[in-house]
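Colleague: Quick check, what structure comes out for this input:
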Amino acid sequence: MRQGVVGIAFLIGFLSVAPANAGVVSLEEALAEKAMGKEDAPVTMIEHSSLTCPHCASFHKETLPRIKKAYIDTGKVRLVYWDFPLGTLALAAAMLARCSGDSRYFGMLEVLFRSQETWARSNNPLAELERVVRFGGLSKTDVGECLNNEGLMTAIQQRAAAAQNKFGINSTPTFVIDGKVVPGALSFGEFQKILDEAVAKKR
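Modeller: Below is the predicted model:
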């Protein structure tokens, strides 16, 4: 039996904040920094991920919730998400997530990561991707408008190239924690050690 797009409980939580026909946001909002946590948090953790990357999906499903509870929600760490799409499909997914708007962005990311095996491995991945993002309120027309936005596409590609040049990133996920490059989807314990050291340096 084919696995559903996402867990029912998770979908209900997501849909409760995602109105139908949400529409595509402006290019300015789409390109705005996507972050969770307090702006004045002592430590900044930048995540570079590709929405088709299985290790990135594992990080979001298994490790990020624990980091969020222990460090982001407590004001110690601010997480900034940067797109680093590996391939055309990942680029399309990144564009659609950004087109959903600031208030729905991280919810859309989670839906995309949790349903990754369904759409990324489909015989018709773009059709499956469209089906997934419609849970977030993007209509078929919205999807077409978003994916035809050359300004958004170019900006995402340019930012990924800049991150590659600046930090030497060549795989995902890769994190930059207060300037320190940390490649790989590490365990929570490994992140805990790195984040504790970073927080301690700011005291």
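Colleague: Run through the helices of this protein in chain order.
Modeller: 8-15, 27-31, 54-58, 64-67, 88-99, 105-114, 116-120, 125-133, 140-147, 150-167, 188-201 (DSSP state H).
Colleague: Redo the ones you listed as CSV? Include mean neighbour count, mean pLDDT and distance to residue 173.
Modeller: C-betas here are computed from N, CA, C, even on glycine. Compiled in CSV, those are given as follows (neighbours: other C-beta atoms under 10 Å; pLDDT from 0 to 100; distance: least, C-beta to C-beta, whole Å):
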stretch, mean neighbour count, mean pLDDT, distance to residue 173
helix 8-15, 13, 36, 21
helix 27-31, 15, 95, 21
helix 54-58, 18, 96, 5
helix 64-67, 18, 96, 10
helix 88-99, 23, 96, 12
helix 105-114, 22, 94, 11
helix 116-120, 19, 93, 13
helix 125-133, 18, 91, 20
helix 140-147, 16, 92, 24
helix 150-167, 14, 96, 12
helix 188-201, 15, 96, 11
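Colleague: Nearest to residue 42, out of the ones you listed?
Modeller: Closest of the helices of the chain to residue 42 is helix 188-201, at 6.1 Å (criterion: C-beta to C-beta).
Colleague: thinking in terms of the whole chain, how far from its middle is that closest one?
Modeller: A distance of 22 Å separates the centroid of the chain from that of helix 188-201, by C-alpha atoms, centre = their mean, to the nearest Å.
Colleague: now swap in stretch 103-112 and tell me
Modeller: With C-alpha atoms, centre = their mean, you get 7 Å for stretch 103-112.
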